[in-house]
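# sequence and predicted structure are below.
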Amino acid sequence: MNALDRVINDLVIANRILAKEDVVDAYGHVSIRHPDNPKRFFLARSLAPELITKDDIIEHDLESQPVKDTRQPYLERFIHGAIFESRPDVMAVVHAHAEDTLPFGIANGTPLRPVIHSGSFIGAHVPVWDIADRFGDTNLLVANVEQGRDLAKTLGSNNVALMRGHGFAAAGRSLIEVVRMSVYLPRNARALSRARDLGGDITYLRQGEIDARNRGYSPYSPETWRAWEYWANKCGCGHMVTKPDTEKK
Ligand code: MN
């Protein structure tokens with residue numbers, strides 16, 4: 001399998017995993033940067049992630065326009081192009097509406113922060129982007145390049161931005177990382193919400209703990225790969241999982 005085929009194959013798996021893990025439903029999407037051209041990325045046509053196959057994947061440019069493809073693209077594809085444009089280090093992006101994250105986008109003064117070890121990858125600071133700040137009354141969807149860039153600006157160098165009344169955008173150094181982050185982000189949010197319900201002070205992960213978990217991260221490390229294999233198998237894509245030869249240990 002060549003690099004491009006692998007990227008498309010893995011993007012299909014990522015779509016299916018995010019659907020199976022209830023991160024996305026009919027809505028939400030995941031993209032990956034082109035392995036040979038950093039000014040391009042791959043994202044499915046407008047279709048529920050659970051239904052996506054490799055033939056549904058479309059190449060887009062950084063203004064989020066499909067390249068040589070006339071099929072219906074996602075309305076909110078601008079989230080992806082803008083983040084890839086502003087963050088050369090980012091290789092994959094997820095946008096979703098996972099319910100457990102939503103309270104933290106609307107309860108002012110209650111930041112979402114890592115509280116469980118698997119939530120450490122969301123990073124110490126999760127900013128909230130409010131589309132109304134610059135664009136007033138909209139339908140809340142990121143429907144053009146300008147709105148995408150404004151979201152990317154709020155994301156800054158962080159891994160995740162919440163979108164007020166809407167969902168989140170997550171950016172990762174690899175597809176496996178962004179999927180992992182997107183699966184554990186709602187779980188971390190749920191743990192934090194429940195802890196708040198119990199009352200008392202919350203003990204967040206310490207910066208040193210977050211740093212310790214990030215140190216030496218690799219998408220092909222045994223522990224990360226184990227999760228990818230597990231999730232892929234669970235969503236019926238076990239037969240599609242392949243590890244790049246150079247990364248085999
Ligand atoms: Mn959306």
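Received the coordinates, thanks. Because the structure is a prediction, the values reported are computed rather than measured.

# where does the chain have low pLDDT?
Counting by pLDDT under 70, the chain shows low-confidence ranges at 245-249.

# quick check: bridge partners of the most centrally placed residue in the chain?
With distances taken as C-alpha atoms, centre = their mean, V94 lies nearest the centre of the chain, 2.5 Å away. Bridge pairing for V94 (DSSP bridges) gives the partners V30, A170.

# any idea how far H125 is from A169?
Distance of H125 to A169, computed by C-beta to C-beta, to the nearest Å: 14 Å. Using the backbone N, CA and C atoms, a C-beta is placed for each residue, glycine as well.

# where does the residue located most distally from the centre of the chain land in three-state SS?
When distances to the mean C-alpha position of the chain are computed (C-alpha atoms, centre = their mean), the maximum falls on G200, with 31.4 Å. Each residue gets one of three states, and G200 gets coil by DSSP: H, G, I helix; E, B strand; the rest coil.

# gap between G208 and G156?
Between G208 and G156 the computed distance is 22 Å (C-beta to C-beta).

# kindly report the same for L198.
As defined by C-beta to C-beta, L198 lies at a distance of 32 Å from G156.

# so those two - more neighbours on which side?
G156 (11 against 7; other C-beta atoms under 10 Å).

# element containing the nearest residue to P103 once chain neighbours are set aside, please.
Closest residue in space to P103, ignoring its immediate chain neighbours: S193 at 6.2 Å, by C-beta to C-beta, 6 or more residues apart in numbering. When elements are defined using DSSP states H and E, S193 is found to belong to helix 175-198.

# just the buried residues of that helix, please?
Of the residues in helix 175-198, 175-186, 188-193, 195 count as buried by neighbour count, 16 or more other C-beta atoms under 10 Å.

# so what does that helix touch, helix or strand wise?
Taking 3 or more C-beta pairs under 8 Å, 6 or more residues apart in numbering; DSSP states H and E as the contact definition, the neighbouring helices and strands of helix 175-198 are helix 3-20, strand 29-33, strand 92-96, helix 103-106, strand 167-172, helix 222-234.

# could you list the buried residues of the helix or strand that comes right after that helix?
Scanning the chain past helix 175-198 towards its C-terminal end, the next helix or strand to appear is helix 207-214 (assignment: DSSP H and E). When neighbours are counted by 16+ other C-beta under 10 Å, the buried residues of helix 207-214 are found to be 210, 213.

# what is helix 207-214 packed up against?
Identification of packing neighbours for helix 207-214 by 3+ C-beta pairs under 8 Å, 6+ apart yields no helix or strand.

# quick one: end-to-end distance for stretch 137-152.
Distances were taken as C-alpha to C-alpha, to the nearest Å; on that basis the terminal residues of stretch 137-152 are 20 Å apart.

# D22 against A96, yeah?
No: between D22 and A96 there is no contact under C-beta atoms under 8 Å: 9.5 Å.

# and the two? Which one has more around it.
Neighbours per residue, other C-beta under 10 Å: of D22 and A96, the larger number sits with A96, 25 against 13.

# what sits against the residue nearest to the more buried one when sequence neighbours are not counted?
Taking C-beta to C-beta, 6+ apart, and ignoring the residues beside it in sequence, A96 has G28 as its nearest neighbour in space, at 3.6 Å. When the contact criterion is C-beta atoms under 8 Å, 6 or more residues apart in numbering, the partners of G28 are 18, 49, 94-98, 167.

# and R71, by the same measure?
Residues near R71 by C-beta under 8 Å, 6+ apart: 45-46, 58.

# hmm, try it at 6 Å
Applying C-beta atoms under 6 Å, 6 or more residues apart in numbering to R71 gives the contacts R45.

# tell me how far A96 lies from A14.
Going from A96 to A14 by C-beta to C-beta gives 12 Å.

# what sits in contact with each of those two?
Shared contacts of A96 and A14, defined by C-beta under 6 Å, 6+ apart, are absent.

# cheers, nothing more for now.
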